[in-house]
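Q: A structural model of the following input is requested.
(one chain, ligands or ions: 1)
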Amino acid sequence: MVKIGVLGLQGAVREHVHSIEQAGAEAIVIKRKEQLAEIDGLIIPGGESTTMRRLIDKYDFMDVLKQFADQGKPMFGTCAGLILLAKQIVGYEKPHIGVMDITVERNSFGRQRESFEADLEIAGAAADFPAVFIRAPHIVEAGENVEVLAKHNGRIVAAREGQFLGCSFHPELTDDHRLTEYFIKMVKEAKEKQFV
Ligand code: GLN
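A: As a prediction, the model looks like this:
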């Protein structure tokens, strides 16, 4: 069985743990950087990207997160987690972890629509996924190796680049675990490759 970590510094951590377990994998909350060595894939949850960044620096996580990506291990960023993975953030000079070839814009669905739900078709994962958006970012631009998995009102809200998966919404807040299952499959495939 693969082990999936959820970065446990801030945000919707518990809900991801539940979703991973429902999808049939083992979940570990990551609170110390040494724990990254124990896991096969990592979910960076939604929350507040600036707060999470502050805690990443405070607990000295930045280098180990980059090393984790360098090892080819899968990472899944949801909402604020997507912002942390992006190589570019509109209005910011520097990215955070900066490993996925996308440009994101924060809080980009407008004040009137702070949170909403929409049914999405997510390529390879679900035809009708109930997506919960909360002060969500969207992907403004995606590099040539990035596969767009879902759009909402013409805006990219889910994408994959090899080992990296990201979405604007909170897939862990409903009982639909298909996107988590999609990530677990990515993790299994990456793990199998390591042993070939
Ligand atoms: N607006 C938050 C940010 O910019 C993200 C919101 C979320 O993760 N639900 O970090």
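Q: can you list contacts of stretch 187-194?
A: V2, I4, A25, D40, G41, G72, K73, P74, Q163 (C-beta atoms under 8 Å, 6 or more residues apart in numbering). (Each C-beta comes from the backbone N, C-alpha and C, glycine too.)
Q: CA atoms only for it, dumped as CSV, please.
A: The C-alpha coordinates for stretch 187-194 follow below in CSV (Å, rounded to 0.1, in the frame of the first residue of the first chain):
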residue,chain,number,x,y,z
VAL,A,187,1.7,7.7,-6.6
LYS,A,188,1.5,4.0,-7.3
GLU,A,189,2.8,4.4,-10.8
ALA,A,190,5.7,6.6,-9.6
LYS,A,191,6.5,4.0,-6.9
GLU,A,192,6.5,1.1,-9.4
LYS,A,193,8.8,3.0,-11.7
GLN,A,194,11.4,3.4,-8.9
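Q: Buried residues, the longest helix seen in the chain. List them.
A: The helix that spans the most residues within the chain, counting by DSSP state H, is helix 178-194. Within helix 178-194, the residues scored as buried using 16 or more other C-beta atoms under 10 Å are R178, L179, T180, E181, Y182, F183, I184, K185, M186, V187, K188, A190.
Q: Same check on stretch 38-54?
A: Going by neighbour count (16+ other C-beta under 10 Å), the buried part of stretch 38-54 is I39, D40, G41, L42, I43, I44, P45, G46, G47, S49, M52, R53.
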